[in-house]
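Novice: Return a 3D structure for these sequence lines:
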Amino acid sequence: MNRSGLLKWELAGILLIIVLGSALHFIFDLSNGWRPLAVIAAVNESVWEHLKLGFWPALLYSLIEYRYLKKFSSNFLFGKAIGIFLIPVTIAALFYAYTAFTEDMLAADLTIFVVAVVVGQVSSYRLLTLSPLPLWVNKVGLVLLILLTIAFGTLTYCVPHSPVFRDPVTGGYGIQ
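Specialist: Here you go, the predicted structure:
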């Protein structure tokens, strides 16, 4: 597969991640608060819960891509790890940057989500198409993916009392 083929995969991922992430915003409430869904779905309006909306769909899409693309990029794990990492980092950075100057606005939040997904997928593409990096770099990528999965898998249930985890609507933390 050439660069064009890899680019098509990453661009398709943008659409899938945005659609799945948007659905995950509502699925917990639609399930009447079914607790197992809290791992992947937003359980409140905190920044942390919104970060999950980009992480889980991006991870799922990467698992699908792995089956088809691993042999076409020797940097797959590193490229996907950095791309996935950049989605929540971009969301948090842009959200806190604009809300430092104005109130939270839904249109801005939605735009930030889309921008973050594009940043993650384009960054991933750039790393996937680099010349082969040393093997240890992919191992670092795998460790990063494992750590992110553990964090996103547990911090909804074991919630630190930190501003990023605080629901601005209820003032609570985690599942209400």
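Novice: For the closest residue to residue 46 other than its chain neighbours, give me the pLDDT.
Specialist: Nearest residue to residue 46, sequence neighbours excluded (C-beta to C-beta, 6 or more residues apart in numbering): residue 167, at 4.8 Å. Any C-beta I mention is one placed from the backbone N, CA and C, and that applies to glycine too. pLDDT recorded at residue 167 is 96.
Novice: what's the spacing between the residue nearest to the spatial centre of the chain and residue 13?
Specialist: Centroid-nearest residue in the chain: residue 55, 2.2 Å away (criterion: C-alpha atoms, centre = their mean). Separation of residue 55 from residue 13 (C-beta to C-beta, to the nearest Å) stands at 13 Å.
Novice: OK, contacts around the closest residue to residue 31 other than its chain neighbours?
Specialist: Among residues not flanking residue 31 along the chain, residue 37 sits closest, at 5.3 Å (C-beta to C-beta, 6+ apart). Residue 37 sits next to 27, 28, 31 when contact means C-beta atoms under 8 Å, 6 or more residues apart in numbering.
Novice: swap in residue 92?
Specialist: By C-beta under 8 Å, 6+ apart, the contact set of residue 92 is 47, 51, 164.
Novice: returning to what we had before: what's the distance between the residue nearest to residue 46 and residue 146?
Specialist: From residue 167 to residue 146 the distance is 28 Å (C-beta to C-beta).
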